[in-house]
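Colleague: Test case, fold it:
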Amino acid sequence: MMLGNAVAPPLTVLTAAVTIYASIGALLFLLAGPARVQVRSMSVVLMPGTTDAHQQRRYAEWQTLVDMLVSADRMLMTGAISAAEHEATWWDAYDRLEETTHV
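Modeller: All right, here's what the predicted structure looks like:
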C-alpha cells in the first residue's frame, strides 16, 4: 500500500487490499468446517425401587466413562501421561459414548 501512488491510485490499492483480506477470511471460514460441533451427552434415569436393566447398564457405562475421564485429568495434572495420551483417552471416551447412543 505504501507504493500505491506509483502503481495505482490509493483508493484502488485500498479496495484491492480489503477485497483480498475479506476473500482470505471467507476462504478460511469455509475451510474451518461447521461452526457448531455436535456435543455428545448421555442421559440416565434411575428410579428408586425399580430394576430397569437397560438403565442399570447405561448407569454402569456412565460411571466407567466418568472414572476414565477424571483419572485421565488427574494423570495429566501430575505428569503421569502426556497431553497426547490425555487427548486419546478423551477421544476413546467419546467413541464409547457414541456406541452407547446407538444401542
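
Colleague: residue ranges of the helices in the protein, please?
Modeller: Remark: helices assigned in the chain by DSSP state H are 4-7, 10-31, 53-78, 83-101.

Colleague: for the record, mean pLDDT for the second one?
Modeller: If I follow you right, that is helix 10-31. The average pLDDT within helix 10-31 is 89.

Colleague: For that helix, name the packing helices and strands.
Modeller: With contacts taken as 3 or more CB pairs under 8 Å, 6 or more residues apart in numbering; DSSP states H and E, helix 10-31 sits against helix 4-7. No exception for glycine: its C-beta is placed from N, CA and C like everyone else's.

Colleague: Kindly report the domain assignment for the protein.
Modeller: 1-37, 53-101 (automatic domain parsing).

Colleague: Export the ones you listed as JSON lines, with columns for distance to V45 and mean neighbour count.
Modeller: Shown next, in JSON lines, are the domains of the chain (distance: least, CB to CB, whole Å; neighbours: other CB atoms under 10 Å):
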{"stretch": "domain 1-37", "distance to V45": "26", "mean neighbour count": "10"}
{"stretch": "domain 53-101", "distance to V45": "6", "mean neighbour count": "13"}
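
Colleague: Of those, which is nearest M47?
Modeller: Closest to M47 of those, according to CB to CB: domain 53-101, at 8.3 Å.

Colleague: V45: neighbour count?
Modeller: 9 (other CB atoms under 10 Å).

Colleague: on that earlier part again, which among the helices of the chain is found nearest to R40?
Modeller: The closest of those to R40 is helix 83-101. By CB to CB, the value is 4.8 Å.
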